[in-house]
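In: task: produce atomic coordinates for the following.
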Amino acid sequence: MTKNPRNCRADAVIATGPREVCAVLTADCLPLLLYDEAGTRVAAIHAGWRGLAEGVIEATIGRFAVPPREILCWLGPAISPQAFEVGAEVRARFLAQGGEDTKAAFVPVAGSESGWLANLYALARERLHACGVDRVCVGELCTYSDPGRFFSYRRDKVTGRMASLIWIDPDAGR
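Out: Numbering: from 1, shown residues only. Down below sits the predicted model:
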C-alpha cells in the first residue's frame, strides 16, 4: 500500500494496519469490502463493469497476502440487473472471459437487438468464487430504484456519491 496516496486514483485500496481507512465512492457501481478472518488486512473495491472486466477483484485478492479461503467479502448497494442496461460489446467482453455463470448474468432487453441487462452482483460473485473467495454477503440493494436512500448516476445524470468504508479496529479482540 502506498503510504502517501495523495492524488492517487485507483479502484481498490488495501490497509494492513490499525486506523488506516479504506474507502470507495459509488453511485451505481458495486462497492466491495473485503477482510481477512484474522483481522489483519482490509480492502475496498470500486467495481463498475469496466473494473470488473479489467480484473480489479482478482488484482486486489492477489495483493491480499492471505489464502483466498480466509477472505470474507461484503457487496454493497449497486444498480440492479433490472435497471443496468449495457451494449452487446460489454456482454461480449465478459463472455470472452467467463463461462456459463457469466452468460447467465446477462438477459436480453425486450424489444432490443443489442441491449442487455447486466447483473453486477452475479459477475462479482463469479469472479470472487473463481479466486477462491466463497464467503460473500450480498445485499443486492438497487441504487437506481430507491431514490430515497441511494444516489444513482444512471437515474439522475448528476448526483452525489455514497461512501463505503472499512478499517481495522485496533481494539478488536481485547
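
In: check which helix or strand covers residue 160.
Out: Counting by DSSP states H and E, there is no helix or strand that carries residue 160.

In: average pLDDT across stretch 134-148?
Out: Per-residue pLDDT over stretch 134-148 has a mean of 92.

In: buried sites along that stretch?
Out: Using 16 or more other CB atoms under 10 Å as the test for burial, stretch 134-148 gives 136, 142, 143, 144. Backbone N, C-alpha and C define where each C-beta goes, glycine included.

In: bridging residues for residue 86?
Out: Following DSSP bridges, residue 86 is listed with bridge partners residue 116.

In: what's the answer for residue 45, then?
Out: residue 12, residue 32.

In: that one contacts residue 59, correct?
Out: No: distance between residue 45 and residue 59: 9.2 Å, which falls outside the contact criterion (CB atoms under 8 Å).

In: and the longest helix seen in the chain, which residues are buried?
Out: Taking DSSP state H as the criterion, the chain has its longest helix at helix 120-131. Neighbour-count burial for helix 120-131 flags 120, 121, 122, 123, 124, 125, 126, 127, 128, 130, 131 (criterion: 16+ other CB under 10 Å).

In: now stretch 43-51
Out: Under 16+ other CB under 10 Å, the buried positions of stretch 43-51 are 43, 44, 45, 46, 47, 48, 49, 51.

In: contacting residues around that stretch?
Out: 11-15, 22-26, 28-35, 56-57, 60, 64, 86, 90, 94, 118, 120, 123-124, 164-166 (CB atoms under 8 Å, 6 or more residues apart in numbering).

In: just the CA trace of that stretch, in CSV.
Out: Extracted in CSV, the C-alpha atoms of stretch 43-51 (Å, rounded to 0.1, in the frame of the first residue of the first chain):
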residue,chain,number,x,y,z
ALA,A,43,-9.7,-3.7,1.3
ALA,A,44,-12.3,-1.6,-0.5
ILE,A,45,-13.0,-2.1,-4.2
HIS,A,46,-15.0,0.1,-6.6
ALA,A,47,-16.4,-2.3,-9.2
GLY,A,48,-18.2,-0.9,-12.2
TRP,A,49,-18.4,-3.0,-15.3
ARG,A,50,-15.0,-1.8,-16.6
GLY,A,51,-13.2,-2.5,-13.4
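
In: before we move on, the earlier item: mind putting the buried residues of stretch 43-51 in a markdown table, pLDDT and distance to residue 70 included?
Out: A markdown table is the format used below for the buried residues of stretch 43-51 (pLDDT from 0 to 100; distance: CB to CB, whole Å):
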| residue | pLDDT | distance to residue 70 |
| --- | --- | --- |
| 43 | 97 | 13 |
| 44 | 98 | 18 |
| 45 | 98 | 17 |
| 46 | 97 | 23 |
| 47 | 97 | 21 |
| 48 | 95 | 27 |
| 49 | 96 | 28 |
| 51 | 96 | 23 |
